[in-house]
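J.: Sequence and predicted structure, then a few things I'm wondering about:
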Amino acid sequence: MAGRLTLIYRKLYSRFGPQHWWPGDSPFEVAVGAILTQNTNWQNVEKAIKNLKRYKLLNPQKLHKLPQQRLAFLIRPAGYYNVKAKRLKYFLDFLFNAYGGDIKKMSRFGTEVLRRQLLLVNGIGPETADSILLYALGKPIFVIDAYTKRILGRHRLIGEGATYENVQNLFMENIKNDVGLFNEYHALLVRLGKEFCAKKKGKCDLCPLDSPNS
DNA sequence: GACCAGGCACATC
DNA sequence: GATGTGCATGGT
């Protein structure tokens, strides 16, 4: 499996090149984006983030103080805006209660501790927690998303009932434990998924992973 | 107009 | 523990 996953990474990297993830100017922006992008197209998230930036609200202090209703209105383009405004508020409460509103202070703690804490926040599930850990805090954890499961499923690398943790372990036990690799690999899987693996199609359309080499 | 998008919580059985 | 449902905008 190790060789298979490494080969897939090489194919993706040579096909698409570096993806420069996560798009965002600060760890806090990355964390906010991680919540906003839940089941949502990134283009819509960008509109929501742009709204927050327009009013210079994209920092922990301002967002913490901002009324939830107003926050919901500003993030409207990202969809599920009432739910997400609530979730952002829960995350901010956590950030201030545990770390004084300073996301850099989180980095001092270990991956497992932080992951457990994040999963206790209402609105933060495994993918959002891991996205924050990897892309905002630079912690070595592999992010699993719908694309990743779909791609691995179609290539028969995982079974139907594979859980989030199953898939995550598959990667983390079989490829080098490296933040840069985890970052790029997941970004490349999303890139592949967006371009070639629509949800309804039975298999990837002209999937580059099926090509004989390179 | 239907389908989809970088999930998650909660209700119900 | 598995399965179903609500949440919502904007692009194709």
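T.: Okay, I see it.

J.: Residue of chain A nearest DNA strand C, please.
T.: Residue nearest to DNA strand C within chain A: residue A:79 (2.4 Å; Cβ to the nearest atom of the strand). Just so you know, the C-beta spots here come from the backbone N, C-alpha and C atoms, and that holds for glycine as well.

J.: so that residue sits right up against residue A:42, yeah?
T.: No - the pair residue A:79 / residue A:42 is not scored as a contact, 11.8 Å apart, by Cβ atoms under 8 Å.

J.: what's the spacing between the residue of chain A closest to DNA strand C and residue A:44?
T.: According to Cβ to Cβ, to the nearest Å, residue A:79 stands 6 Å off from residue A:44.

J.: Which residue ranges of chain A form strands?
T.: For chain A, no strands are identified by DSSP state E.

J.: Now the residue of chain A closest to DNA strand C: closest residue in space that isn't a chain neighbour?
T.: Spatial nearest neighbour of residue A:79, excluding adjacent residues (Cβ to Cβ, 6 or more residues apart in numbering): residue A:40 at 5.2 Å.

J.: pretty sure the one you found is touching residue A:77, no?
T.: No - using Cβ under 8 Å, residue A:40 makes no contact with residue A:77, being 9.4 Å away.

J.: Okay, domains of chain A per the record?
T.: Taking automatic domain parsing as the reference, chain A has its domains at A:2-19+A:143-210, A:27-136.

J.: Out of the ones you listed, which is the most enclosed?
T.: domain A:27-136 (a mean of 17; mean count of other Cβ atoms under 10 Å).

J.: wait, does that domain make contact with DNA strand B?
T.: Yes - judged by Cβ under 7 Å from any atom of the strand, domain A:27-136 and DNA strand B are in contact via A:33-34, A:37-42, A:44, A:79-80, A:83, A:121-129, A:131, A:135.

J.: From these, which land in helices?
T.: When DSSP state H defines the helices, the subset of those inside them is A:33, A:34, A:42, A:44, A:83, A:126, A:127, A:128, A:129, A:131.

J.: what's the nearest residue to the last one once chain neighbours are set aside in contact with, if anything?
T.: Which is residue A:131. Excluding the flanking residues, the one nearest residue A:131 by Cβ to Cβ, 6+ apart is residue A:34, at 4.1 Å. For residue A:34, the contact set (Cβ atoms under 8 Å, 6 or more residues apart in numbering) comprises A:22, A:128, A:131, A:132, A:135, A:136.

J.: residue ranges for the helices of chain A, please.
T.: Applying DSSP H to chain A gives helices spanning A:2-16, A:27-36, A:42-54, A:60-65, A:68-74, A:81-99, A:103-106, A:111-120, A:126-131, A:146-154, A:164-174, A:179-196.
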